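[1] Structure of the sequence below:
(chains A and B)
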Amino acid sequence: MINKEFFFKGFKSILAPDSPALALGCCFIAIGALLKNLGFNIQESIFSTMLTYALPGSLVMAESLLVGASLLNIFLAVWFVNARLYPMAVSLFPLMMHKSQPKWKYYFSCHFIAVSAWLIMKSNYKSVDKKHRIDFWIGIGCATWTTAVIATFIGFYASDYLDKNMMIGLAILNPIYFLCMMVGAMKTIQIGASVILGLLLGPIFYFFSPEWSILLGGLIGGTIAYFIGELNVN
Amino acid sequence: MSTSVVLAILVTSLATFSSRLLGVISSKGIKETSKLFRWFNCLAYSTLAALIARTIIFPVGALSDATYTSRILVVLFCLFIFFISKRNFVYPTVISAIMMAILSNYI
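    Model (predicted):
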């Protein structure tokens, strides 16, 4: 079963002074308010955050519903936006896989892959023995997921008191927090080049294909950065 | 709950979970010291950076009501705060919300 010591160690990591809990919470408050304004009821709003737990995907779903898109269109639009979760998973789970741990933990905990939890784990995994990293990760995931669900609840009921300017203020929190975290993570040439190229290529590819811009920007930027790093090492 | 909304949520969660699950399945057999792992690490950071840039420059939702000027001003000022505060994440994050709410009222 799950090791309680490492689970709670991971759970408590969102209480750190530089934790993304504040930014994450504020963004899901904005999502809760947005979903209410779109006509979702409280059950649907909570259900959406619990099952999806990915901010851009929820936004895309909400916008697609607003314009009357079909279910297939919603699936494809969300898949394109959330396909970033695939390389995030591949670059995280090998750090946590241990032969003594049951496989269900990995399949269950992959639901927690989101930018906030991923960045916390990437910053802290070295401080935890590999055997217990999956329990630590489940703790982080449960904490960030719970924060998102509670914030959606608050946002839903606070929406009547949030004016347009406050909603805009809440919406900028998450990108600014993640931008600072990404800039803070630029400690090697490979990561630095990946972040800079991603920031440049993402918007450039948007002019050619809005749906593919994130994937193409990430794939091409990341591949160039990988070769820059490998050449530098050699 | 209306059926269409519930179905949309289920479809959204399926599209999201499929990427996560495929990632875990692909992770088997990849060593953390391998070149493949390093490549995926670069892809993950680059994709996230592309997403952040797109969220700021071509936003959806409430942020799309703010002007380009106000968004760029907030980003530059918050990066400045991040560096002068010795890479503290909290100050620029809190300042960004306050600054954006004020600027969106005037710009």
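[2] Please compute how far the helix or strand where B:Ala8 lies lies from its chain's middle.
    Counting by DSSP states H and E, the element that carries B:Ala8 is helix B:3-27. Helix B:3-27 has its average C-alpha position 18 Å from the chain's average C-alpha position, going by C-alpha atoms, centre = their mean, to the nearest Å.
[3] Any part of that helix near chain A?
    Yes. Using C-beta under 8 Å from any C-beta of the partner chain, helix B:3-27 reaches chain A at B:4-24, B:26-27. Just so you know, the C-beta spots here come from the backbone N, C-alpha and C atoms, and that holds for glycine as well.
[4] Would you show me how to pick out the buried ones of those residues in ChimeraX?
    Buried residues within the residues of helix B:3-27 next to chain A, by 16 or more other C-beta atoms under 10 Å in any protein chain shown, are selected in ChimeraX with:
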select /B:5,8,9,10,11,12,13,15,16,17,18,19,20,21,22,23,24,26,27
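[5] lowest-confidence helix or strand of chain A?
    The weakest-scoring helix or strand in chain A, judged by mean pLDDT, DSSP states H and E, is helix A:55-66 (a mean of 83).
[6] buried stuff in it?
    Buried residues in helix A:55-66, counted by 16+ other C-beta under 10 Å: A:55-65.
[7] and whichever residue of chain A sits closest to chain B, helix, strand or coil?
    Nearest residue of chain A to chain B (C-beta to the nearest C-beta) works out as A:Ala89 at 2.3 Å. Counting by DSSP: H, G, I helix; E, B strand; the rest coil, the backbone at A:Ala89 sits in helix.
[8] got it, and A:Gly169?
    Assignment for A:Gly169 (three-state DSSP): helix.
[9] Now do the nearest residue to B:Ser19 once chain neighbours are set aside: how many residues are near it, please.
    Excluding the flanking residues, the one nearest B:Ser19 by C-beta to C-beta, 6 or more residues apart in numbering or on different chains is A:Leu85, at 4.1 Å. Residues lying near A:Leu85 (other C-beta atoms under 10 Å in any protein chain shown) number 27.
[10] Let me know the pLDDT of A:Leu85.
    pLDDT recorded at A:Leu85 is 92.
[11] Using neighbour counts, pick out the buried residues of the helix ranked longest in chain A.
    The longest helix of chain A (DSSP state H) is helix A:133-158. Within helix A:133-158, the residues scored as buried using 16+ other C-beta under 10 Å are A:133-145, A:147-153, A:155-156, A:158.
[12] Out of those, which are close to chain B?
    Answer for the buried residues of helix A:133-158 near chain B: none qualify (C-beta under 8 Å from any C-beta).
[13] In contact with A:Ala117: list those residues for me.
    Counting by C-beta atoms under 8 Å, 6 or more residues apart in numbering or on different chains, A:Ala117 makes contact with A:137, A:140-141, A:144-145.
[14] Next one: it from A:Ser19, what distance?
    11 Å (C-beta to C-beta, to the nearest Å).
[15] and what of A:Asn165?
    26 Å.
[16] Also A:Tyr53?
    Counting by C-beta to C-beta - A:Tyr53 and A:Ser19 are separated by 17 Å.
[17] quick one, which of those two is more surrounded?
    Each of A:Tyr53 and A:Ser19 has its neighbours counted (other C-beta under 10 Å); A:Tyr53 has more, 24 against 20.
[18] ok, the more buried one touching A:Cys110?
    No. Assessed by C-beta atoms under 8 Å, A:Tyr53 is found out of contact with A:Cys110, at 11.0 Å.
[19] Ignoring the adjacent residues along the chain, who's closest to A:Lys130?
    Counting by C-beta to C-beta, 6+ apart, A:Lys130 lies nearest to A:His98, which is 5.5 Å off, once chain neighbours are set aside.
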